[in-house]
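Novice: Turn this into a model:
(one chain, ligands or ions: 1)
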Amino acid sequence: MEVVLLPSADDAARMLADAIDALVRRRPDAVLGLATGSSPLLAYEELVDRHRRGSGPSYAAVRAFLLDEYVGLPAGHPQSYRATIERELTGHLDIDPRNVHAPDAGAEDLTDAGRRYDAAIAAAGGVDLQVLGIGTDGHLAFNEPGSSLASRTRLKTLTSRTREDNARFFGGTGDVPRHVMTQGLGTILEARHLVLVASGSGKATAIAAAVEGPLTASCPASVLQLHPHATVLVDEAAGSRL
Ligand code: GLP
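Specialist: Residues are numbered from 1 along each chain as shown. Alright, predicted model coming up:
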């Protein structure tokens, strides 16, 4: 695992944007794995800005797969991850919206929807670069502590801590859905390059556990230790316990 300690969140964002930019230039039909949440936001802003200025690559042939999605939100809800990624990134690029995929959290059979999502990722040739954030409890996507390291895309129940962490995006904790569909840790590990970005002191304990702690389901992000090409971009505050 490569850990890059950067002076600020802006520097981490630029480095993530550079990695995505370089991949899409090299492979115009690259498969991107996208995370939502606040961690990658600055990088997404940078990519959108480059695209607007005409200095970024074309995303016309890029395919993208989201890590996760809330279950139980009405279609088009502004906090659904599908709506969020469109608002924050893909809606500002020349990517074909039909090539932006999210787990089908509205499906009647969510087990089957999980299988179909993994199959769609495989059919696209697998994810070239997977963007990741980390939860304060070390969760990856919505794989809460205790998730199997070999898990596939499936239904999960959120812990109260994650619902509290995400309450800022909703009216309050009570409005945060209890259930989600998330790529499994096994699914995520199949991406060819994992890039985790974290900033702020609230992530310092989780980053230290993921990078220097034991490989354990208690800290799902520690699975990065198993991956042959994982990069962790942290600002000084998030890296302060390393
Ligand atoms: C969320 C998302 C994750 C995200 C993490 C951290 O709940 N499901 O994909 O990486 O938790 O969130 P944030 O980046 O907002 O701190």
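
Novice: Flag the helix or strand of this structure with the lowest per-element mean pLDDT.
Specialist: One helix or strand of the chain scores below all others by mean pLDDT, DSSP states H and E: helix 160-165, with a mean of 96.

Novice: list the buried ones in that one?
Specialist: 162-163, 165 (16 or more other C-beta atoms under 10 Å). (C-beta placed from N, C-alpha, C; glycine too.)

Novice: again with stretch 121-130
Specialist: Residues 121, 124, 127-130 are the ones in stretch 121-130 that count as buried (16+ other C-beta under 10 Å).

Novice: Contact partners for the residue lying closest to G37 once chain neighbours are set aside?
Specialist: Nearest residue to G37, sequence neighbours excluded (C-beta to C-beta, 6 or more residues apart in numbering): G133, at 4.7 Å. G133 makes contact with 35, 37-40, 196-198, according to C-beta atoms under 8 Å, 6 or more residues apart in numbering.

Novice: In strands, which of these appear?
Specialist: 196-198 (DSSP state E).

Novice: Going by neighbour count, which of the residues you listed comes out on top?
Specialist: Among those, the one with the most neighbours (other C-beta atoms under 10 Å) is V197, at 29 neighbours.

Novice: Are stretch 59-71 and the ligand in contact anywhere?
Specialist: Yes - against the ligand, stretch 59-71 shows contacts by C-beta under 6 Å from any ligand atom at 67-68.

Novice: and if you look at stretch 38-53?
Specialist: Yes - residues of stretch 38-53 contacting the ligand under C-beta under 6 Å from any ligand atom: 38-39.

Novice: How about the contacts made by the residue nearest to R152 when sequence neighbours are not counted?
Specialist: The shortest distance from R152 to any non-neighbouring residue, by C-beta to C-beta, 6+ apart, is to G184 (4.1 Å). Contacts for G184 (C-beta under 8 Å, 6+ apart) come out as 143, 147-148, 150-154.

Novice: out of those, which are buried?
Specialist: 143, 147, 151-154.

Novice: of those residues, closest to the ligand?
Specialist: The nearest member of the buried ones among the contacts of G184 to the ligand, counting by C-beta to the nearest ligand atom, is N143 at 9.0 Å.

Novice: circling back to that earlier point, could you pick out which of the buried ones among the contacts of G184 are near the ligand?
Specialist: Of these, not one also sits near the ligand (C-beta under 6 Å from any ligand atom).
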